[in-house]
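>>> Any chance you can model this:
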Amino acid sequence: MNKINPLPILDGIKPSYLVLPHDKQFYGKSLLHFLCIYFPFVHEQAWKKRLNSGMVVNQQGEPINENTPFQAGERIFYYREISREDEPRISFDERILSVDNDLIVVDKPHFLPVIPSGRFLRETLLTRLRLRSDLQHLNVADITPIHRLDKDTAGVILLSHNPKTRAIYQQLFQEKNIRKIYHALAPTRLDLAYPLLVRSRLVRGDEFFLTKTVDGEPNSETEIRLLENRGKISLYELKPITGKKHQLRVHMMSLGMPLLNDMLYPIVQPVGTEDFEKPLKLLAKRIELIDPVSGSLKVFESEQTL
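Residues are numbered from 1 along each chain as shown. Purely as a prediction, here's the structure:
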């Protein structure tokens, strides 16, 4: 029995886990009582059904039921559940650019989340990759993204499938030894001197999913070039020197050039109102790195255009 993850991948979905907190209010109570309070949006009857299904287990892989007592420090494993009717269907396909002994490089479409979260479980890049027939020679349970790419953004993303080398690739991003180039469509400004360097202090916004600019020592930096004047809208090249959340979107907005079709900046649009005919005009066009395993220069470029 796998003590770390006793449940298998099911339909490409890796089980979630939760470590039960050391909280005295739950001592002597049932696990069901805790789960109903911890996940208030899941009805008690739904938790009873899941607990009695045999698909929720403890760290020894033993099934848990609705009468199991709460035990602080225990780790429980379960599958997230979202009905297919409630999960938006993303009708765009990913394209695999490269697979080697360590990495999977993917050209991700717009609208597709990388990992399961919120409304998305099956319609994610990670779940799709685990189900692909051309990747079944790998241990698909080990596929993990090694950097971020928003669901609204298309383009190149690197994923690790080799736990032995994963950390050294992650370190490349942490130490900024990766060259990333994005393309974007935004309002034309010919009064700026390109290349333009934007530096600012970015922090979490008033809403947890947003980023905002505040006064203080800059912690973000982006180089912007005008590639092609297309009239009112132009094609820009964006080179993030740092990697803050939504950095490119916020920096472009700060110049009065919000990205075309942005659902968050400058005005947040309601969840579920995405128009698949109007994707965010931001593309992770190219990633360049010196491979820490082979020592060779590797360049991966998206086949998509804006």
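
>>> can you pull out the strands in the chain?
Remark: strands assigned in the chain by DSSP state E are 16-19, 57-58, 75-78, 95-99, 103-108, 144-145, 154-160, 179-187, 196-204, 211-214, 220-230, 233-240, 282-290, 297-301.

>>> What sits closest to residue 129 if chain neighbours are left out?
Nearest non-adjacent residue to residue 129, counting by C-beta to C-beta, 6 or more residues apart in numbering: residue 143, 5.5 Å away. Every residue, glycine included, has its C-beta placed from N, CA and C.

>>> count of neighbours near that neighbour?
22 (other C-beta atoms under 10 Å).

>>> per-residue confidence for it?
Note for residue 143: predicted pLDDT of 96.

>>> Kindly report the same for residue 2.
42.

>>> now the residue nearest to residue 129: how far from residue 274?
26 Å (C-beta to C-beta, to the nearest Å).

>>> now swap in residue 252 and tell me
Taken as C-beta to C-beta, the span from residue 252 to residue 274 is 20 Å.

>>> higher neighbour count, those two?
residue 252 (23 against 19).

>>> Next up, the contacts around the more buried one.
Residues in contact with residue 252 (C-beta atoms under 8 Å, 6 or more residues apart in numbering) are 184, 186, 224, 236, 238, 258-259.

>>> go again using 10 Å as the cut-off
184, 186-187, 198, 222, 224, 236, 238, 258-259, 262, 265, 282 (C-beta atoms under 10 Å, 6 or more residues apart in numbering).

>>> ends of stretch 190-203, how far apart?
Using C-alpha to C-alpha, to the nearest Å, the end-to-end distance of stretch 190-203 comes to 29 Å.

>>> Stretch 39-57 now?
17 Å.

>>> Would you map out the domains in this structure?
16-78, 95-301 (automatic domain parsing).

>>> Columns distance to residue 8 on top of those, output as TSV?
Listed next are the domains of the chain as TSV, based on distance: least, C-beta to C-beta, whole Å:
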stretch	distance to residue 8
domain 16-78	10
domain 95-301	8
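
>>> Which of these comes out lowest on mean pLDDT?
Going by mean pLDDT, the lowest-scoring of the domains of the chain is domain 16-78, which has a mean of 92.
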